[in-house]
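# show me the folded form of this:
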Amino acid sequence: MTTMTLAKALNAGLRKAMEDDDKVLVMGEDVGTLGGVFRITDGLQKDFGEDRVIDTPLAESGIVGTAVGLAMRGYRPVVEIQFDGFVYPAYDQIVCQVAKLHFRSQGRVHVPMVIRIPFGGGIGAVEHHSESPEAQFVHTPGLKVVACSNPADAYAMIQQAIHSDDPVVFLEPKRLYHSAKADVDESAPPAPLWQSRVVRPGSDVTLVGYGPTVSTCLDAATVAAEEGRSVEVIDLRTLSPLDLVPVQESVRRTGRLVVVHEAHVTLGVGAEVAARVTEECFHSLEAPVLRVGGYDTPYPPARIEDAFLPDLDRVLDAVDRTFAY
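Here you go, the predicted structure:
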């Protein structure tokens, strides 16, 4: 058992994957000598060499395109996109090549690569550094999309993603990188990668989040408990494929559901969750499914981002509103 931040857990998970398989490569802007802008790859180039931890040019399309070729030749590249908003120059490669090669080749070609994307706001950064583009990848068949929310998951999930023969978009909540430490049992068997998880049991209302909003949901559940309301919190963990079995089971008990994410509300992951839960649990719902997310504007200047991001008050307000029906 080791106490780690989420950033250290990712570093340890990458290190373990590289030790276990010499076909695992790490590549991206400043991932080698610098150790990444968030120091996630710190020390890896020193220990594994420049042939396995590769500092690339500032060209996301070229980085992902090169990784596609490596994956097709038997390597397992782990690509770092330095900030979420920088992924768009590589969007064509990801959507038109990474996501489609397995289908285009009738299953003969595998693309075992991981695209790591630090995502979300809350770090006082400008636009292109605080985006939440997950719905665009979830909407792309052929990609798997996961989002870790704590150090233990980060350690296990990055290794599981690397071991997958399918391409994985791996979302990392950047504001949680260094925010808190937690115990990580490196010898414990990991939970299945493609499953969501109940992280706090409750009986009155179901609160669903992923990535950076899980901690907000847990804080909201603690405050709600002081007011006599029992809130069940579920961490989706995987956005594609979307595992809603625990959510549906929970809603059948609570009758109420609030979904929280930093991304814009319109056509976000919360919209899909709401639609599927309504289809499967219509007769159990005591109120409409409510969503709390970013507003439908470009990401704002850092000085007002706190008003843009879902916070404790906005989540608790949604919990209150669902009891008003």
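# show me where this protein has strands.
For the chain, the strands defined by DSSP state E cover 2-5, 24-28, 53-55, 76-80, 114-119, 144-147, 168-173, 181-184, 197-200, 205-209, 231-235, 238-240, 257-264, 290-294.
# of all those strands, which lies closest to A307?
strand 290-294 (10.5 Å; Cβ to Cβ). The way it works is simple: take the backbone N, C-alpha and C, and place the C-beta from them, glycine included.
# other SSEs contacting the closest one?
strand 257-264, helix 269-281, helix 312-322 (3 or more Cβ pairs under 8 Å, 6 or more residues apart in numbering; DSSP states H and E).
# name the residues of the longest one that are buried.
Of the residues in helix 269-281, those scored as buried under the neighbour-count criterion (16 or more other Cβ atoms under 10 Å) are V269, G270, A271, E272, V273, A274, V277, C281.
# show me which pair in those is furthest apart.
V269 and C281, at 17.5 Å, using Cβ to Cβ across the buried residues of helix 269-281.
# what sits against the spatially most central residue of the chain?
The residue lying closest to the centre of the chain (Cα atoms, centre = their mean) is A147, at 1.8 Å. Contact partners of A147, counting by Cβ atoms under 8 Å, 6 or more residues apart in numbering, are F119, E134, L171, E172, P173, Y210, G211, L236, R237, T238, L239.
# for A274, see how far away it is.
Relative to A274, A147 is positioned 18 Å away (Cβ to Cβ, to the nearest Å).
# ok, the spatially closest residue to L244 that is not a sequence neighbour to L143 distance?
Leaving aside its chain neighbours, L244 sits nearest to R276 (5.5 Å; criterion: Cβ to Cβ, 6 or more residues apart in numbering). R276 sits at a distance of 19 Å from L143 (criterion: Cβ to Cβ).
# about what we covered before: could I get the strands of the chain as JSON lines with mean pLDDT and distance to A67?
Shown next, in JSON lines, are these (pLDDT from 0 to 100; distance: least, Cβ to Cβ, whole Å):
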{"stretch": "strand 2-5", "mean pLDDT": "95", "distance to A67": "27"}
{"stretch": "strand 24-28", "mean pLDDT": "98", "distance to A67": "6"}
{"stretch": "strand 53-55", "mean pLDDT": "98", "distance to A67": "10"}
{"stretch": "strand 76-80", "mean pLDDT": "98", "distance to A67": "4"}
{"stretch": "strand 114-119", "mean pLDDT": "98", "distance to A67": "8"}
{"stretch": "strand 144-147", "mean pLDDT": "98", "distance to A67": "16"}
{"stretch": "strand 168-173", "mean pLDDT": "98", "distance to A67": "12"}
{"stretch": "strand 181-184", "mean pLDDT": "93", "distance to A67": "27"}
{"stretch": "strand 197-200", "mean pLDDT": "98", "distance to A67": "30"}
{"stretch": "strand 205-209", "mean pLDDT": "98", "distance to A67": "30"}
{"stretch": "strand 231-235", "mean pLDDT": "98", "distance to A67": "28"}
{"stretch": "strand 238-240", "mean pLDDT": "97", "distance to A67": "19"}
{"stretch": "strand 257-264", "mean pLDDT": "98", "distance to A67": "25"}
{"stretch": "strand 290-294", "mean pLDDT": "97", "distance to A67": "29"}
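# from these, which stretch is densest packed?
Of all those, strand 205-209 carries the top mean neighbour count, a mean of 29, counting by mean count of other Cβ atoms under 10 Å.
# same for it, what does it pack against?
The helices and strands touching strand 205-209, judged by 3+ Cβ pairs under 8 Å, 6+ apart, are helix 213-226, strand 231-235, helix 245-254, strand 257-264, helix 312-322.
# now these as JSON lines including distance to D51?
Shown next, in JSON lines, are the helices and strands packed on strand 205-209 (distance: least, Cβ to Cβ, whole Å):
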{"stretch": "helix 213-226", "distance to D51": "37"}
{"stretch": "strand 231-235", "distance to D51": "37"}
{"stretch": "helix 245-254", "distance to D51": "42"}
{"stretch": "strand 257-264", "distance to D51": "37"}
{"stretch": "helix 312-322", "distance to D51": "47"}
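# can you say which of these is nearest to I158?
Nearest of those (Cβ to Cβ): strand 231-235, 16.1 Å.
# coming back round to it: of the helices and strands packed on strand 290-294, which is nearest S230?
The nearest among those, by Cβ to Cβ, is helix 312-322 at 11.0 Å.
# elements contacting the closest one?
With contacts defined as 3+ Cβ pairs under 8 Å, 6+ apart, helix 312-322 has these neighbours: strand 205-209, helix 213-226, strand 257-264, strand 290-294.
# how about that helix as PDB, C-alpha atoms only?
Once non-C-alpha atoms are left out, helix 312-322 reads as follows in PDB (Å, rounded to 0.1, in the frame of the first residue of the first chain):
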ATOM      1  CA  LEU A 312     -21.200  22.400  -4.700                       C
ATOM      2  CA  ASP A 313     -24.000  25.000  -4.700                       C
ATOM      3  CA  ARG A 314     -25.200  24.100  -8.200                       C
ATOM      4  CA  VAL A 315     -25.200  20.400  -7.500                       C
ATOM      5  CA  LEU A 316     -27.100  20.800  -4.300                       C
ATOM      6  CA  ASP A 317     -29.600  23.100  -6.000                       C
ATOM      7  CA  ALA A 318     -30.200  20.400  -8.600                       C
ATOM      8  CA  VAL A 319     -30.700  17.900  -5.700                       C
ATOM      9  CA  ASP A 320     -33.200  20.300  -4.100                       C
ATOM     10  CA  ARG A 321     -35.100  20.800  -7.400                       C
ATOM     11  CA  THR A 322     -35.500  17.100  -8.100                       C
END
